[in-house]
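Engineer: What follows is a predicted protein model with its sequence.
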Amino acid sequence: MAKASPIRNGIYRKTQLESGVRVVTETMPHVHSLAIGIWFDTGSRDEPEQLAGISHYLEHMNFKGTPSRSAAVIPRQIEGRGGHLNAFTGPETTCFYARVISEHLRDAVEVLSDITQNSLYETEEVDRERGVILEELKNNEDTPDELIFDHFMDEVFAGDPLGRPVIGTREALARIDQAALKSYRAARYNGSRVLVVAAGYLDHDRLAKMIDSRFRKEETADRTTRKIAPLESSVLRHEHTTTTQQTHILYGTRSIAYNDERKYPLMVLNALLGGGASSRLFQRIRERHGLAYSVYSFMNNLGDTGIFGVYAGTEPKRAEKALALIEKEIRLVCREPISKREITHFKEQLKGSLLLGLESPSSMMHRLAKMELYTGKWYAIDDVVKRIDAVTPEMVQETARDLLERQPVFTTILKPNA
């Protein structure tokens, strides 16, 4: 039998510039491209309620023109070189990123640094983009498997900014104008909140010099204290209606922080319950009973909390049966012994997925950013593999009990109008 190749970690480097900006890279000598992102340590949970959605609004507006680039030129300078340019906003982060072949690193840096620092936010563009965002909101409301997640977050994180949609509310969007955007950008998108992350074929020192010449030193305003609201709701099942043919089910709870060591047993639990076609829920609900096309479990770990749960979409008259089967599988994983063989299968699945990500600069860039933002450290891939290997059936079961038996579990149902 051939000997397995050693895990190939990239070359990790980190530099903190005088401006407070951190530059983190992982060089991948075996590829010909790179992914670069300018990340900001701020997101929708940091917004005041009266400006809910302003982080996402800023994300849109940063593509609408700078003194040196029009809205048409911005994407052309990356896409015209075969690259990809995009952005996203989350509860705790905002990211603007590009994927390019390595020789176009300077182009990516110039465009990304320009749009994140010099956007004009012209009143006419602000008003026009408000209409676009309202259409995006309507699109989410017309997409049941998106809408149910908004309801679910509102119920699991009731009374907390995490319960609000990242896109914001109609009332808040109506208030956001040029002055609000400029003021919010100046307060939250600068200094030590800025993280530049790149992975692929690149030179760290060259990138650090490019960033240093393009980011001015700015004082970082006091950070918003992120303190999760206590879970007080006594109503654990919520039903909503919309125009849809299926009934959509979300069953889940608050979870653990990114740097909690239970993350590794939780990763195995997630894979075991609904992480693929060999998972328990897929085999029981789709293959054995034919109740759903889409059924899976999910997890998302944030700075001080997280979310874990199960989604399924099914025929309305069979929704209660599907929910009962989900609950049954949860009880089994919490109370019945889990075999070492089953755990080994899903650990291998996780490791395979992780190692495949080594071949993607985009995956590596996202991984680097999360490690830096949530831990301030870098973990080699082989260290992560060791942590996964160390997970036992007992650790998985104890984590399942912590999340799904020892705290409230919510059921959100979105069903067709009568």
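Structural biologist: Great, that's in hand.
Engineer: hey, where'd the helices end up in the stretch 251-400 of the chain?
Structural biologist: Residue ranges of the helices in the stretch 251-400 of the chain, as given by DSSP state H, counting those that start in this stretch, are 263-274, 280-281, 319-335, 340-356, 361-374, 381-389, 393-404.
Engineer: And the strands in the stretch 151-300 of the chain?
Structural biologist: In the stretch 151-300 of the chain, the strands defined using DSSP state E, counting those that start in this stretch lie at 194-200, 237-242, 247-254, 292-301.
Engineer: Just send the ones you listed back as TSV, with mean pLDDT too.
Structural biologist: What follows is the strands of the stretch 151-300 of the chain, written out as TSV (pLDDT from 0 to 100):
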stretch	mean pLDDT
strand 194-200	97
strand 237-242	95
strand 247-254	97
strand 292-301	97
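Engineer: Highest mean neighbour count out of those?
Structural biologist: For the strands of the stretch 151-300 of the chain, the largest average neighbour count (mean count of other C-beta atoms under 10 Å) is found in strand 194-200, namely a mean of 26. C-beta: built from backbone N, CA, C; applies to glycine.
Engineer: what comes up buried for the lengthiest helix in the chain?
Structural biologist: With residue count as the measure and DSSP state H as the assignment, the chain has helix 123-141 as its longest helix. Judged by neighbour count (16 or more other C-beta atoms under 10 Å), helix 123-141 contains these buried residues: 125-126, 129-130, 133, 137, 140.
Engineer: do stretch 168-183 as well
Structural biologist: By neighbour count with 16+ other C-beta under 10 Å, stretch 168-183 contains the buried residues 168-169, 172-173, 176, 178, 180-181.
Engineer: State the mean pLDDT of it.
Structural biologist: With pLDDT averaged residue by residue, stretch 168-183 scores 97.
Engineer: gap between the two ends of that stretch?
Structural biologist: Counting by C-alpha to C-alpha, to the nearest Å, you get 18 Å between the two ends of stretch 168-183.
Engineer: Surely residue 399 is in contact with residue 270?
Structural biologist: No: the pair residue 399 / residue 270 is not scored as a contact, 9.9 Å apart, by C-beta atoms under 8 Å.
Engineer: Leaving out the residues flanking it, which one is nearest to residue 166?
Structural biologist: In this structure, residue 166 finds its nearest non-sequential neighbour in residue 44, 4.4 Å apart by C-beta to C-beta, 6 or more residues apart in numbering.
Engineer: Can you verify my assumption that that neighbour contacts residue 57?
Structural biologist: No: using C-beta under 8 Å, residue 44 is not in contact with residue 57, being 10.6 Å away.
Engineer: where along the stretch 101-250 of the chain do the helices fall?
Structural biologist: Under the criterion DSSP H, counting those that start in this stretch, the stretch 101-250 of the chain contains helices at 105-117, 123-141, 144-156, 170-175, 178-188, 204-214.
Engineer: To residue 99, which of those lies closest?
Structural biologist: Nearest to residue 99 among these is helix 105-117; the distance by C-beta to C-beta comes to 8.4 Å.
Engineer: thinking again about what came up before, which members of the buried residues of stretch 168-183 are the farthest-apart pair?
Structural biologist: Once C-beta to C-beta is applied, the buried residues of stretch 168-183 give 169 and 178 as the farthest pair, at 19.6 Å.
Engineer: any idea how far residue 292 is from residue 264?
Structural biologist: As defined by C-beta to C-beta, to the nearest Å, residue 264 lies at a distance of 28 Å from residue 292.
Engineer: wait, I meant residue 116
Structural biologist: Shown here: residue 116 relative to residue 292, a distance of 41 Å by C-beta to C-beta.
Engineer: ok so, going back, how about the helices of the stretch 251-400 of the chain, which one is nearest residue 25?
Structural biologist: Evaluated over those, closeness to residue 25 peaks at helix 361-374, with 7.6 Å, by C-beta to C-beta.
Engineer: what helices or strands is the closest one leaning on?
Structural biologist: For helix 361-374, the contact count by 3 or more C-beta pairs under 8 Å, 6 or more residues apart in numbering; DSSP states H and E identifies strand 22-27, strand 33-40, strand 94-101, strand 194-200 as packing neighbours.
Engineer: okay, the angle between the last one and strand 33-40?
Structural biologist: In other words, strand 194-200. Counting by axes from the mean of the first three to the mean of the last three C-alpha atoms, to 10 degrees, strand 194-200 points 170 degrees away from the direction of strand 33-40.
Engineer: which residues does residue 109 contact?
Structural biologist: 36, 207, 210-211, 214 (C-beta atoms under 8 Å, 6 or more residues apart in numbering).
Engineer: Of those residues - the most surrounded one?
Structural biologist: Neighbours here are counted as other C-beta atoms under 10 Å. On that basis the top member of these is residue 36, with 25 neighbours.
Engineer: Surely that residue and residue 112 touch.
Structural biologist: Yes: counting by C-beta under 8 Å, residue 36 does reach residue 112; the two are 6.8 Å apart.
Engineer: and for these two, which residues touch both?
Structural biologist: 97-98.
Engineer: and residue 418, how many neighbours?
Structural biologist: Counted with other C-beta under 10 Å, residues neighbouring residue 418 total 4.
Engineer: How about residue 256?
Structural biologist: The number of residues packed near residue 256 is 22, by other C-beta under 10 Å.
Engineer: mind listing what it touches?
Structural biologist: Taking C-beta under 8 Å, 6+ apart as the criterion, residue 256 is in contact with 262-263, 266, 301, 305-306, 403.
Engineer: shaky segments in the stretch 1-150 of the chain?
Structural biologist: Using pLDDT under 70 as the threshold, the predicted model of the stretch 1-150 of the chain has low-confidence ranges 1-9.
Engineer: hmm, back to that, need the buried residues of helix 123-141 in JSON lines with distance to residue 280, can you?
Structural biologist: Rendered in JSON lines, the data for these read as follows (distance: C-beta to C-beta, whole Å):
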{"residue": "125", "distance to residue 280": "50"}
{"residue": "126", "distance to residue 280": "49"}
{"residue": "129", "distance to residue 280": "44"}
{"residue": "130", "distance to residue 280": "45"}
{"residue": "133", "distance to residue 280": "39"}
{"residue": "137", "distance to residue 280": "35"}
{"residue": "140", "distance to residue 280": "30"}
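Engineer: any idea how far the longest helix of the chain is from the chain center?
Structural biologist: If you compare the mean C-alpha spot of helix 123-141 with that of the full chain, they lie 22 Å apart, counting by C-alpha atoms, centre = their mean, to the nearest Å.
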